[in-house]
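Novice: Okay, structure incoming, though there's no sequence with it:
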């Protein structure tokens with residue numbers, strides 16, 4: 001009797017226990033919080049700079065799409081995050097002019113920061129910003 005009761009109690013407690021654990025699980029860090037400094041990125045890419053830059057650009061677009069809510073605009077933190085992401089992308093793949101163009105469009109359209117859009121374009125051209 002007890003051998004049948006223990007698994008039944010375990011199954012019944014499984015859902016409330018998982019809800020409790022989900023409640024106390026912190027949110028995962030975003031990409032900008034875990035992104036190393038631009039000077040270290042090429043070393044960590046281990047010869048796959050273009051691939052890592054493409055993956056980082058996908059994360060940047062995903063960041064923009066998930067951050068924008070209807071009727072809301074970017075916060076200053078969101079703008080800074082987007083700039084840091086594209087700074088990392090252009091550090092990894094400085095020859096990718098398309099990424100610079102897309103970054104400047106995202107920064108000017110969603111971020112409403114023309115000066116940082118110009119900085120991204122200058123980075124794509126190889127100019128100091």
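Specialist: Good, I have the coordinates. As the structure is a prediction and not an experimental result, all values here were calculated from the model.
Novice: What lies in contact with the helix or strand encompassing residue 22?
Specialist: Per DSSP states H and E: residue 22 is located in helix 2-24. Under the contact criterion Cβ atoms under 8 Å, 6 or more residues apart in numbering, helix 2-24 has no outside partners. C-beta here means a position set from N, CA and C on the backbone, and glycine is covered the same way.
Novice: Report the mean per-residue pLDDT for that helix.
Specialist: Rounded to a whole number, the mean pLDDT of helix 2-24 is 82.
Novice: Tell me which residue lies nearest the centroid of the protein.
Specialist: For the chain, the residue sitting closest to the mean C-alpha position, by Cα atoms, centre = their mean, is residue 31 at 3.6 Å.
Novice: shouldn't that one be in contact with residue 63?
Specialist: Yes: with contact taken as Cβ atoms under 8 Å, residue 31 and residue 63 are classed as touching, separated by 6.7 Å.
Novice: list residues touching both of those two?
Specialist: Here residue 31 and residue 63 have 81, 85 as joint contacts, going by Cβ under 8 Å, 6+ apart.
Novice: what helices or strands is the worst-scoring helix or strand of the chain on mean pLDDT leaning on?
Specialist: Within the chain, no helix or strand scores below helix 31-34, which has a mean of 76 by mean pLDDT, DSSP states H and E. Secondary-structure packing of helix 31-34 (3 or more Cβ pairs under 8 Å, 6 or more residues apart in numbering; DSSP states H and E): helix 49-67, helix 76-92.
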